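[1] Fold the stuff below for me.
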Amino acid sequence: MNGDIFHEGFLLTEETIEQKKSFEHGHNYFQIIYMKEGEGNITINGVDVAYKKKSIFLMAPEDIYALHPLMETSYTSIKFTEILFSNKSKLPDRHYWLQQIEHILHHPNLMPSDCISIEEDRDRLWRIHDFIVEEYKAKNEFYWSIISNGVTTTISIIARNIIKRYTPNKEIDPSVNLKRTDQILSYIRTNVYDPELMKIENLANQFNMSQANIVNLFKKETGESIRQYIINYKLMLTKYRLRNTNYTISEIGYELGFTDESHLTKAFKKHFGKTPKQYRLESIKN
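    Alright, predicted model coming up:
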């Protein structure tokens, strides 16, 4: 992890810089950057974005970024992996966190930017930031549980802002602003963890269409069947989890609705030409 020492999947650092600083990829953690003071530009995967005091950025594994301060910049970096949440007593919290982060990172319209668009939420996140920093430094009893809850709440607020940013105004006719196929795609990506909602009959009911009409429309607009798209999307999430979490292949298959580990392995190998185990081993080596 780039020489950083993580404890239970979490690391907090505070730094002040006056000149460019670059950060390479090749890690498996997520990172939230809170700009406490200063202004300048941050280049994320080749895209330049302005930052100022109280800007907040979410970085995914494999992201490459560099800070270009125009004036002295102080920031807090919170790095974390799913281990932070797997240590909690309630396993569903771990699942909830993972689904939230996947929904954020795989949003089709997501571009590098300050991840907060609701200013009230920015204030909330900075209050949570101060609380996390205080707990991290004081290390009082139960502080890891308190920190993981703080990070979970932070992710939920970030997800809300991203969803709001890319969801059209409900008062406007969606046929003008968002094609029906795009609505179906968004619905699938949001609800892919629920096998019942992914049934064709339930998708058709959700969009007030017949099963034949929704199947034909989707095929015409995307070039593939709804069922195949759902499977491919699940396989993409499988790759993500194999690379960035310590979930077993069996756990991944269960969570994403595959019949069993054998079913997932067969589908994964057919799509990617290698088994999930082979892909995970190659990811570790790289």
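[2] Which residue ranges of the stretch 51-200 of the chain form helices?
    83-86, 91-105, 119-138, 143-166, 174-177, 180-191, 200-206 (DSSP state H, counting those that start in this stretch).
[3] of all those, which lies closest to Ser77?
    With Cβ to Cβ, the closest approach to Ser77 among the helices of the stretch 51-200 of the chain belongs to helix 119-138: 11.1 Å. All C-beta atoms are positioned from the backbone trio N, CA, C, and that covers glycine.
[4] Figure out how far that closest one is from the centre of its chain.
    Helix 119-138 sits 20 Å away from the centroid of its parent chain (Cα atoms, centre = their mean, to the nearest Å).
[5] and the angle for that helix with helix 143-166?
    In this structure, helix 119-138 runs at an angle of 160 degrees to helix 143-166, with axes from the mean of the first three to the mean of the last three Cα atoms, to 10 degrees as the basis.
[6] And helix 119-138, what's buried?
    Asp121, Arg122, Leu125, Ile128, His129, Ile132, Val133, Glu135, Tyr136 (16 or more other Cβ atoms under 10 Å).
[7] I'd like to know which helix or strand in the protein has the lowest mean pLDDT.
    Of all regular secondary-structure elements in the chain, judged by mean pLDDT, DSSP states H and E, the least confident is helix 174-177 with a mean of 38.
[8] wait, Asp34 sits on Thr73?
    Slight slip there: residue 34 is Tyr, not Asp. No - with the criterion set as Cβ atoms under 8 Å, Tyr34 and Thr73 do not qualify as a contacting pair; they are 11.3 Å apart.
[9] who has more neighbours, those two?
    Neighbour totals were compared for Tyr34 and Thr73, and Thr73 leads with 24 against 21 (other Cβ atoms under 10 Å).
[10] OK, contacts around that one?
    The contact partners of Thr73, taken as Cβ atoms under 8 Å, 6 or more residues apart in numbering, are Thr16, Ile17, Glu18, Met35, Glu37, Gly38, Glu39, Gly40, Tyr51, Leu67.
[11] surely the third one meets His68?
    No - assessed by Cβ under 8 Å, Glu18 is found out of contact with His68, at 11.1 Å.
[12] Compare these two (neighbour count), which wins?
    Summary of the neighbour comparison: Glu18 and His68, criterion other Cβ under 10 Å, with His68 having more neighbours (17 against 10).
[13] beta partners for the more buried one?
    On the basis of DSSP bridges, His68 is bridged to Asn41.
[14] now swap in the one 5 residues further on and tell me
    Going by DSSP bridges, Thr73 is paired in beta bridges with Ile17.
[15] Could you check how far it is from Lys53?
    From Thr73 across to Lys53, the span is 9 Å (Cβ to Cβ, to the nearest Å).
[16] How about Tyr143?
    Using Cβ to Cβ, Tyr143 is found at 27 Å from Lys53.
[17] for Ser250, same thing?
    Taken as Cβ to Cβ, the span from Ser250 to Lys53 is 47 Å.
[18] So which bits of stretch 29-45 are buried?
    Buried residues in stretch 29-45, defined by neighbour count with 16+ other Cβ under 10 Å: 29-36, 38, 40, 42-44.
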